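**Q** predicted coordinates and the sequence they were generated for:
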Amino acid sequence: MSIQWFPGHMNSTKKAIAERVPEIDVVIELLDARLPGSSANPLLAELTRGKPALKVLNKQDLADPELTALWLAHYQSQPGTQAIGLDASVTAPARQLIAACRKLAPLRGGMVKPVRVLICGIPNVGKSTLINTLVGQRAAKTGDEPGITKLEQRISLASDFYLFDTPGMLWPRITVEQSGYHLAASGGIGRNAYDEEEVALALLDSVRTRYAERLQARYKLADFSSATDEQLLADVGRKRDGLLPGNQVNMQKAAEVVINDFRSGAWGRITLESPEQFTQWWAAGQVRDAERSAKKAARNTKPTPQRDQANSAVDGVDRDDVD
């Protein structure tokens, strides 16, 4: 299954960002530290190309610190890019953002040339929480469902520092299958766009090797190294009283348990992907997408009776008579 979610308001967000970017000095992209590659928006990278970037790995308190360090190094190695990790609800680390942005735009500052920063990210990544932390009051709506912010807001963080907040935005086509599952598991995709059981199975597949001991401790499981993902999910259901009449496992309930435990941090500090893994997934996704585009183009150029007639009318030749 390929998960896709790009509601109409995201297209409006895309246009708003494109219009705002020319006057922006720095772009902050808020990422989910548990899935830093999957939560990075390739459409945003295209829209803001050439602008200094600050990658902020939010929810680092829920992420594996070793993998967070690898991801920070990965983004720091990119030209014109800085990267920091934080928990958006903690004030002191969040204030680092202002200093980091000033460093990325050294020629801006003061009342005449205020620093203008655009903050972007996928839905439900914590932008509104971060903004409220920076401002010190409730300046943006927050919630545990994607799509809370609907309009751009301009927020003054200092007399010469303006922050432009934009609604959460995904991209029109998610080409990395694993990313679709990871985004759904994190809460970045609307509930109606995916099947919870399939997402839970993909989530277990992503964590069962690196974090096997965490799962065993959480659900009091025996060694499950030889079990399938479906068997593992069923075992979770049994341990969480998810049984139907006839001793059948309620797989829907088991899936809800797995997803909610991941989101809440009940498994401990978990990261679903490494830079190396995501690089491989991205390359494979690009190949598949190119093949898909080629097939689509071939279908569009395949001769049809209507197209043959149109060609004959143009050149005066009945193509059925041509060898």
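**A** Alright, I've got the coordinates. In this text the structure is predicted, and so the values were computed from the model without any measurement.

**Q** show me what counts as buried in the longest helix along the chain.
**A** Using DSSP state H to define each element, the chain has its longest helix at helix 275-301. Neighbour-count burial for helix 275-301, counted by 16 or more other C-beta atoms under 10 Å, picks out 275, 278, 281-282, 285. (Each C-beta comes from the backbone N, C-alpha and C, glycine too.)

**Q** show me the contacts for Gln286.
**A** The neighbours of Gln286, taking C-beta atoms under 8 Å, 6 or more residues apart in numbering as the test, are Thr175.

**Q** does Leu118 count as helix, strand or coil?
**A** Secondary structure state of Leu118, per DSSP: H, G, I helix; E, B strand; the rest coil, is strand.

**Q** what are the bridge partners for it, then?
**A** Per DSSP bridges, the residues bridged to Leu118 are Val27, Phe164.

**Q** how about the helices in the stretch 1-150 of the chain?
**A** Secondary structure of the stretch 1-150 of the chain (DSSP state H, counting those that start in this stretch): helices at 8-20, 42-47, 65-76, 91-104, 127-135.

**Q** in the fourth one, what's buried?
**A** Buried residues in helix 91-104, counting neighbours by 16+ other C-beta under 10 Å, are found at 93-94, 97-98, 100-102, 104.

**Q** dump those residues to CSV, plus distance to His182.
**A** Output for the buried residues of helix 91-104, formatted as CSV (distance: C-beta to C-beta, whole Å):
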residue, distance to His182
Pro93, 24
Ala94, 25
Leu97, 25
Ile98, 30
Ala100, 26
Cys101, 28
Arg102, 33
Leu104, 28
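
**Q** Asp64 touches Thr271, doesn't it?
**A** Yes. If you go by C-beta atoms under 8 Å, Asp64 and Thr271 touch, sitting 4.0 Å apart.

**Q** more neighbours: which of the two?
**A** Between Asp64 and Thr271, Thr271 has the larger neighbour count (other C-beta atoms under 10 Å), namely 25 against 20.

**Q** assign a three-state SS to that one, would you?
**A** At Thr271, secondary structure determined by three-state DSSP is coil.

**Q** distance of it relative to Pro93?
**A** Thr271 sits 18 Å away from Pro93, going by C-beta to C-beta, to the nearest Å.

**Q** for Ser77, same thing?
**A** Following C-beta to C-beta, the distance that separates Ser77 from Pro93 is 22 Å.

**Q** name the spans of this protein whose pLDDT lies under the cut-off.
**A** For the chain, the stretches flagged by pLDDT under 70 are 1, 137-152, 302-323.

**Q** and with 80 instead?
**A** By pLDDT under 80, the low-scoring segments of the chain are 1-2, 7-9, 93-95, 136-152, 242, 302-323.

**Q** next, the contact list for the residue most central in space within it, please.
**A** For the chain, Ser39 is the residue whose C-alpha lies nearest the centre (C-alpha atoms, centre = their mean; 2.4 Å). Neighbour list for Ser39: 31-32, 121-122, 125, 182-183, 186, 188 [criterion: C-beta under 8 Å, 6+ apart].
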